[in-house]
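# please find the sequence and the predicted model below.
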Amino acid sequence: MEFFLFCVFSFGLCVSSFNVIFVNKPVNAVLSLIFSFCNAAGLLFMAEAEFIAILFLIVYIGAIAVLFLFVIIMLNLKNIFFTEKFNESFPIILIFSLLFFIILFFNQLTFYSFEVTLFELPSHIHWIKLIDSIGNIDLFGQVLYTYYFTYLLIAGFILLVAIIASIILTSNKSFLLKKDFKKQLIFSQLSRNPNKAVFLIKKK
């Protein structure tokens, strides 16, 4: 079952990564990017790196990728094709991809001995279980709430003050209607008589 999920997540990650590069529409590219982050998070969960997987889901998908999608929709770029620009940059992308693949391939060859074939190598090693039995979230929680609890309280207090100040500034109408506070009264401007809006002044 684990091997099947690993194959599914790996295949989905490869397909979505290629779609990010080769798809013409930017909306489809961003959706493929979100799908690739989901597959990468699934692989990280299988590797027992829960904290990094949750960061992928919250930061990359919940903030950055959704922000890209909103910007594309607001700028009305969803119907624009990038075929000409992609044809110009495709050789550069291909060269860097081949160099990256060659570096990884030779790194694997130098790391493993030549006596062992690639099929005899273990497919998955629980590195975290070999190093420490504590998970990532437990480890970060122990360090954060023991050694750095004062900084955590200060950051929470700053966020609380910012939330309270923003609520006061937006909800308190008496503060906004002070004499020294300039505010545009749209209703009174629209209700003006156009005949009385422009008039001549005689010089004395």
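Done, it's in. Residues are numbered from 1 along each chain as shown.

# just the C-alphas of stretch 148-155, formatted as PDB.
Coordinates of each C-alpha in stretch 148-155 appear next as PDB, following Å, rounded to 0.1, in the frame of the first residue of the first chain:
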ATOM      1  CA  TYR A 148      11.600  30.200  23.100                       C
ATOM      2  CA  PHE A 149       8.300  30.600  24.900                       C
ATOM      3  CA  THR A 150       9.000  34.300  25.800                       C
ATOM      4  CA  TYR A 151       9.500  35.200  22.100                       C
ATOM      5  CA  LEU A 152       6.300  33.200  21.300                       C
ATOM      6  CA  LEU A 153       4.400  35.200  23.900                       C
ATOM      7  CA  ILE A 154       5.800  38.500  22.600                       C
ATOM      8  CA  ALA A 155       4.800  37.700  19.100                       C
END
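
# could I get the average pLDDT for that stretch?
The average pLDDT for stretch 148-155 rounds to 88.

# check the offset of it from the chain's centre.
25 Å (CA atoms, centre = their mean, to the nearest Å).

# what's that stretch in contact with?
By CB atoms under 8 Å, 6 or more residues apart in numbering, the list of residues contacting stretch 148-155 from outside reads 144, 145. All C-beta spots, glycine's among them, are computed from the backbone N, C-alpha and C.

# distance check, residue 47 against residue 184.
Distance, residue 47 to residue 184, using CB to CB, to the nearest Å: 56 Å.

# and the two? which has more neighbours close in?
The neighbour comparison of residue 47 against residue 184 (other CB atoms under 10 Å) goes to residue 47, with 16 against 6.

# any stretches of this structure with poor pLDDT?
Along the chain, the parts satisfying pLDDT under 70 run over 76-87, 108-133, 135, 171-183, 199, 203-204.

# helices of that one, start to end?
Along the chain, counting by DSSP state H, helices occupy 2-22, 26-46, 50-55, 66-74, 83-111, 127-131, 136-146, 149-171, 173-176, 186-190, 194-197.

# would you list the ones you listed in CSV and tack on mean neighbour count?
As requested, these are exported to CSV (neighbours: other CB atoms under 10 Å):
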stretch, mean neighbour count
helix 2-22, 14
helix 26-46, 19
helix 50-55, 16
helix 66-74, 13
helix 83-111, 10
helix 127-131, 10
helix 136-146, 12
helix 149-171, 10
helix 173-176, 9
helix 186-190, 8
helix 194-197, 7
